[in-house]
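> structure for the following, please:
(chains A, B and C)
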Amino acid sequence: MTTNDQVEHDEEVTRRNFLYVASGVVGAVGVTSAAWPLVDQMNPSADVLALASVEVDMSTIPEGQTVKILWRGKPIFIRHRTAKEIARGVAEDNDPMKDPVMDKDRAQKPEWLVMIGVCTHLGCVPLDQRGDFGGWFCPCHGSHYDIAGRIRKGPAPRNLDLPKYVYLNDTTVKIG
Amino acid sequence: MLKMIKNISLMVMVALGGISFANASGDGGYEVKRHDWPHAGPFGKFDKGALQRGLQVYTEVCSGCHSLDYVAFRELVALGYSTDEVKAFAATYEFANGFDDEGEEKYRKGLPQDYFPAPFASEEEARDSNNGALPPDFSLLGKSREHLSMFTPWNSVYGEDYIVGILTTYHEEAPHGVELAEGMNFNETFPGNQIAMAPPLFDDAVEYADGTVATTQQMAQDVATFMYWAAEPKMEERKKMGLKVIIFMSLLTIMLYFVNKSVWKNVKKGDDLV
Amino acid sequence: MGSSNYEPTNKAVKWFEDRLPILGLIHGTLGAGYKTPRNLNYWWNFGSLAGFMLVVQIITGIILVMHYTPHVDMAFRAVEHIMRDVNYGWLMRYTHSNGASMFFVIVYVHILRGMYFGSYQSPREVLWFLGLVIYLLMMATGFMGYVLPWGQMSFWGATVITNLFGAFDFYDGMGESILHLLWGGFSVDNPTLQRFFSLHYLLPFVIVGVVILHIWALHLPGSNNPLGIDAKGPGDKIPFHPYYTAKDAFGLSFFIVIFAVFIFYLPNIMGHPDNYIEANPMVTPSHIVPEWYYLPFYTILKAVPDKLLGVIAMFGSILIFFVLPWLDGSKIRSAKFRPTTAFFFWLFLVNTIFLGYLGTKLPDEIMINMGGGIDALTLGRISSVFYFAYFLVIVPLVSRFETTRPVPTSIAQSVLDARKEG
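Below is the predicted model:
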């Protein structure tokens, strides 16, 4: 049998439990929101983000030369390739390669090759215009890259990585 | 007993209040006028027009002597500029950029990530150009010149008001009986009343891009707004978040009040003891 | 800490508990296993609030260190970097700087509560000592933390406070040697900043250790209560959880609202504007003021004309709290039943606040303008004398000779009496 008292008591218990659960949920939401700033402060700060992209005017780079610039703490190679170099890159498109890719897919404009100058083997910086393929050579463990930055010989697993970049005008790129 | 305690504390409070009042009118003798700033108060937001005009006053008038070391061009988007406008503004500055093959210094255009360049290379150079006085850096003046009082808020002097005060209370001639040191100017607001800086603003010292009439008062208020922003650039974000936190926590406090009440219901009255 | 009869029902939990009884420890310290007097009022919330603030300071402090550089050439800029560039950096810094003030407010209330209700009396003397040790560590930590932003007040505060130790000049050159040792040089400079940074990072963890001892010492006799009588019978006590966990949660939530008002709307009101000017050893600010929580002691220092005696008086004004359990000769703990004690307690509080107020004034500032005029120094001396008289004369005499009010026989009885009265 259910008496009135008991119904009232049950209702009170339900109400009380609801209050406890609701407070617990709101409290948990509060703790979580407070935790976010504590985590987010570790993300790159505004001054770091301001350096996340660089604009490079490439018009001053003479043909047949590479310039190195620092971007996000890593060197970027920008090579103004000669017609001969481009021709060689295209000609070797079908040679055996570890990480095969067409020369035309290595640069948005074939005369400007923009690459991250970090060997994909163990992170050394390859030397310019050395090695067996007329491109780059990593002195650390002997990886040879060709004139399109493709790995041709040695322990490196991949071609030199390409950063994200867009042309702002004919000769200016924004990297990152 | 309780009454006695109350009386004593009342007496002390009155005494403290009286002392503070006496103090307010005691030293200096000049009062810093309080302005009604749109960025004051819990919902305050910076007046973007004033910020932009203030930047113009800073670049055209103040920046000849005063640095702004801690502010980067990129932060100017907060003044309502687009990133392209900021880039163009930064490009009007030149920065040393290493040396060329002949050992000559090279220069490059400013970038958004650069900080406002200082007008003088060193403190010595700054003093040499300013009659021995050092023009203070502007980045934090909005906060370092303020005197806030928690218990006697009417004694508070706010940074922006102080800056406006300095800029608008020059006397052309020192009052009778005041002997100015050489190269000094009389200013009501400045502590000691003798300031090395000559009156920097006069009507129409700048021609505002937005057509606002450039009275001295207007320019003073604009540059004070700009300087307060430079000192406390996260103010809007801070106040906005504060509102959310306080509303949320008040709600939780009310809920926990009822939780606590309900937990204590029986014990409070001693029902468990009967 | 609390011995516990915690019996987990879950098998996995029991397996773990048999090997490391940590849940039982928590249960016995902050859970249902800790039996607490049923009549604690809201003044008893400040212990848990202080614990909360310690955690907040440690968390925000560790985060600030991720972006800070302890070097005289970079420290000031690093703080501005935190304020301007770091994501939520301004929030971390304002929480930490205002948190220090909040921590002190809470601990002061906690100490005053102990004084009013006689919580320092037997058998809680060691508990009281440990609390005072925490307070002293907090003072050291707070002082060194204030130096880190390397503003003008940081630098000159550090200079003035470290120079105090030069007062111990018992033989020729001794004071100077002490100072050179503290500074790591011939003035406050980079070595000083770096050692203060190191210690500012270390001391909070020492505080955590002493807090654990403080709670341990608390759990042996159990909490004191507003009536100041021992809780004996089962009717006198209730489990800590859910009663005091609920009450502490409510108090904490309410406190955070107030804390938030300071962080978000008055973030610089407790600081000194000169600290937004980078430290400059060539220019002393016109008016050096320590953080507000040191002000009463600063006034006592200024009140004594002799340097060494002033320093001794200042340290003595804090250390005197250690002998309070013996200065107070009353058999009754709570000032509720000791009207004269209560009266002088409030007078002491008002006087100490006044000492703090005088700390912000220049010594020759005229404070009360009646006829001749009384300057801040004179008032500071009167107040300082009262401060010491409270401990050395008033408390010993009043506690031994005052007429007290009747004390209830038990906590449960007082609840029942109140119930009868309606």
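
> can you pull out the strands in the chain?
Answering for chain A, as no chain was given. For chain A, applying DSSP state E gives strands covering A:54-57, A:66-71, A:74-80, A:112-116, A:127-130, A:134-138, A:143-146, A:151-153, A:165-167, A:172-175.

> wait, I meant chain C there
Going by DSSP E, chain C shows strands at C:35-37, C:237-239, C:366-368, C:374-375.

> could I get the ones you listed as a markdown table with distance to chain A and mean neighbour count?
Glycine gets a C-beta too; all of them are placed from N, C-alpha and C. Formatted as a markdown table, the strands of chain C follow (distance: least, CB to the nearest CB, whole Å; neighbours: other CB atoms under 10 Å in any protein chain shown):
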| stretch | distance to chain A | mean neighbour count |
| --- | --- | --- |
| strand C:35-37 | 20 | 19 |
| strand C:237-239 | 17 | 19 |
| strand C:366-368 | 44 | 17 |
| strand C:374-375 | 47 | 15 |
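
> can you put the strands of chain A in a markdown table and add distance to chain C, mean pLDDT and mean neighbour count?
Putting the strands of chain A into a markdown table (distance: least, CB to the nearest CB, whole Å; pLDDT from 0 to 100; neighbours: other CB atoms under 10 Å in any protein chain shown) gives the following:
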| stretch | distance to chain C | mean pLDDT | mean neighbour count |
| --- | --- | --- | --- |
| strand A:54-57 | 18 | 88 | 16 |
| strand A:66-71 | 19 | 90 | 15 |
| strand A:74-80 | 22 | 93 | 20 |
| strand A:112-116 | 26 | 94 | 22 |
| strand A:127-130 | 35 | 90 | 14 |
| strand A:134-138 | 34 | 92 | 23 |
| strand A:143-146 | 36 | 94 | 24 |
| strand A:151-153 | 38 | 92 | 21 |
| strand A:165-167 | 25 | 93 | 15 |
| strand A:172-175 | 22 | 91 | 16 |
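
> quick check: residues of chain A near chain B?
Neighbours of chain B within chain A, by CB under 8 Å from any CB of the partner chain: A:16, A:19-20, A:22-23, A:26-27, A:30, A:33, A:46-47, A:50-51.

> again, 6 Å this time
For chain A, the residues in contact with chain B (CB under 6 Å from any CB of the partner chain) are A:16, A:19, A:23, A:26, A:50-51.

> check the closest residue to C:Pro226 other than its chain neighbours and give its pLDDT.
Spatial nearest neighbour of C:Pro226, chain neighbours left out: C:Asn41 (5.3 Å); criterion: CB to CB, 6 or more residues apart in numbering or on different chains. At C:Asn41, the model reports a pLDDT of 96.

> for C:Leu227, see how far away C:Asn41 is.
Going from C:Asn41 to C:Leu227 by CB to CB, to the nearest Å gives 10 Å.

> the two: which has the busier surroundings?
C:Leu227 (22 against 11; other CB atoms under 10 Å in any protein chain shown).

> dump the residue contacts of the more buried one.
Counting by CB atoms under 6 Å, 6 or more residues apart in numbering or on different chains, C:Leu227 makes contact with C:Ser334.

> neighbours of C:Thr29, how many?
Neighbours around C:Thr29, by other CB under 10 Å: 18.

> with the one 5 residues further on instead?
For C:Tyr34, the tally of surrounding residues (other CB under 10 Å) stands at 23.

> ok, for it, nearest residue in space, not its chain neighbours?
Using CB to CB, 6+ apart, the nearest residue to C:Tyr34 is C:Phe240, at 4.0 Å.

> unless I'm mixing things up, A:Gly154 is touching A:Asp146, no?
No: look at A:Gly154 against A:Asp146 with CB atoms under 6 Å: they stay out of range, at 11.7 Å.

> look at the closest residue to chain A within the stretch 51-200 of chain B and give its secondary structure.
Minimum separation of the stretch 51-200 of chain B from chain A (CB to the nearest CB) falls at B:Gln113, amounting to 3.9 Å. Secondary structure for B:Gln113, judged by DSSP: H, G, I helix; E, B strand; the rest coil, is coil.
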